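Undergrad: Here is a sequence with its predicted model. Questions after.
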Amino acid sequence: MSIWRQPGSIEEFHARSAGTVNGLLGIRLTEIGPDFLCAEMPVDERHVQPFGILHGGVSVVLAETLGSVASLMACAPGYGAVGLEVNANHLRPVPKGDTVRALCTPVRIGRSVHVWNIEMRRGDGELSCVARLTTSIIERRAQG
């Protein structure tokens, strides 16, 4: 059974990402499962710190992006999600030239707060970062 109440598509994510930090960093949604999302991101000159490894802040951008999309898709129609808190533990370095793959799963989907776990793995499958995103669920205001 799917947890998504506002289903989205991979194509829609990529279209909306053009011209945003997601598009600029090359974050690509790769799979929408019944209760998870997957994404990947290359590690190139846009993503590394001076020592040639993935910058921790870029890992956090990937985590917050994936968790925010998941939270929005899990909201009831007419509601949206805004970030409250994100934290990340950087466990292994990811070198320039590698690709990071991320898996986002729910910890708790409540009426007013969602909590998401995001695991990031480098190309060899080793866990490079674990993050948690907490979002607040808010009613969307009518446009106009």
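TA: It's in. Since we're looking at a predicted model, the values are computed, not measured.

Undergrad: could you point out the longest helix in this protein?
TA: Longest helix in the chain by number of residues, with DSSP state H as the criterion: helix 56-74.

Undergrad: Now do that helix: everything it contacts.
TA: Residues external to helix 56-74 that are found in contact with it (CB atoms under 8 Å, 6 or more residues apart in numbering): 3-8, 13, 21-22, 25, 27, 29, 32, 37, 39, 41, 47, 49, 80-81, 83, 86, 88, 90, 100, 102, 104, 106, 109, 114, 116, 118, 120, 128-129, 131, 133, 135, 137. Any C-beta I mention is one placed from the backbone N, CA and C, and that applies to glycine too.

Undergrad: Quick one, which of those residues are buried?
TA: Members of the contacts of helix 56-74 that pass the buried threshold by neighbour count (16 or more other CB atoms under 10 Å) are listed as 4, 8, 13, 22, 25, 27, 29, 32, 37, 39, 41, 47, 80-81, 86, 88, 90, 100, 102, 104, 106, 109, 114, 116, 118, 120, 128-129, 131, 133, 135, 137.

Undergrad: For this protein, just list every one of the strands.
TA: Under the criterion DSSP state E, the chain contains strands at 28-32, 37-42, 79-90, 99-109, 113-121, 127-139.

Undergrad: Turn those strands into TSV, including mean pLDDT.
TA: TSV is the format used below for the strands of the chain (pLDDT from 0 to 100):
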stretch	mean pLDDT
strand 28-32	98
strand 37-42	98
strand 79-90	96
strand 99-109	98
strand 113-121	98
strand 127-139	98
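
Undergrad: Format these as CSV; extra columns: distance to G56.
TA: Converted to CSV, the strands of the chain look like this (distance: least, CB to CB, whole Å):
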stretch, distance to G56
strand 28-32, 20
strand 37-42, 14
strand 79-90, 5
strand 99-109, 12
strand 113-121, 11
strand 127-139, 8
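
Undergrad: And the average pLDDT for the longest helix of the chain is what?
TA: Looking at helix 56-74 alone, the average pLDDT works out to 97.
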